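Participant: whatever this is, show me its structure:
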Amino acid sequence: MPLGLFSAIYVYWAGYRNCLQNRIGKLLGGGPCSVLQDPGELPPGVFLEGRVYGHGRAIDLDRAVLDPLQHWLDTGSTNVRDSLSQEDCRRVAVLVVASSGSQSLSLLLSLTKDFPDTESVPSQSLNLPAEIDVLIVVVGDQVLSFTASNGWKRVIRAT
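Facilitator: Numbering: from 1, shown residues only. The predicted model follows:
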């Protein structure tokens, strides 16, 4: 599903720059909002630009969540696996997904926009490495947990 983020320009009028810029950016779903401080003949207002930018994201929750997490488990989890390998208790790995980057944004928007219901969890299992018993993933305000025995759980953390 293509993800389009609109951009806007608003004409600055004294005292409202930061307040309006933040509000307009939120209304745009994270799209940029630029300020035109010397508008010439333009009156104060908000002007949507005629361009959209973005990237694609999976419309299938299994693909949107499983693919990046399994990739991380297979290729990027060496440090956490090494640190948990000698433990003789329940081994919990916590992955806090960065708030920037297209893959992070794609994962966050899939959970918050495409599948906002906390009952929506992947139907397929992750292939956890032997060193990890529980994987907890924090993406924005979304928290997913996975165990081989209990499957997926999802909550929205209080902000």
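Participant: for the chain, give me the ranges with low pLDDT.
Facilitator: 1-39, 42-57, 102, 159 (pLDDT under 70).
Participant: and the helix or strand hosting Ala93, what does it pack against?
Facilitator: If you go by DSSP states H and E, Ala93 is part of strand 92-96. When contacts are defined as 3 or more CB pairs under 8 Å, 6 or more residues apart in numbering; DSSP states H and E, strand 92-96 sits against helix 78-84, strand 134-139. Backbone N, C-alpha and C define where each C-beta goes, glycine included.
Participant: the nearest residue to Glu131 once chain neighbours are set aside: neighbouring residues, count only.
Facilitator: When the adjacent residues along the chain are set aside, Glu131 lies closest to Arg81, with 4.2 Å between them (CB to CB, 6 or more residues apart in numbering). Counted with other CB atoms under 10 Å, the neighbours of Arg81 add up to 16.
Participant: so how far is Arg90 from the closest residue to Ser110 other than its chain neighbours?
Facilitator: The shortest distance from Ser110 to any residue that is not its chain neighbour, by CB to CB, 6+ apart, is 3.8 Å, and that residue is Ala64. Here the distance between Ala64 and Arg90 works out to 28 Å (CB to CB, to the nearest Å).
Participant: related to what we said a few turns ago, dump the residue contacts of the residue nearest to Glu131.
Facilitator: The neighbours of Arg81, taking CB atoms under 8 Å, 6 or more residues apart in numbering as the test, are 93, 129, 131-132.
Participant: can I get the residues you listed in a markdown table with distance to Ser145 and secondary structure?
Facilitator: Supplementary listing: those in a markdown table, determined by distance: CB to CB, whole Å; DSSP: H, G, I helix; E, B strand; the rest coil:
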| residue | distance to Ser145 | secondary structure |
| --- | --- | --- |
| Ala93 | 10 | strand |
| Pro129 | 16 | coil |
| Glu131 | 17 | coil |
| Ile132 | 12 | coil |
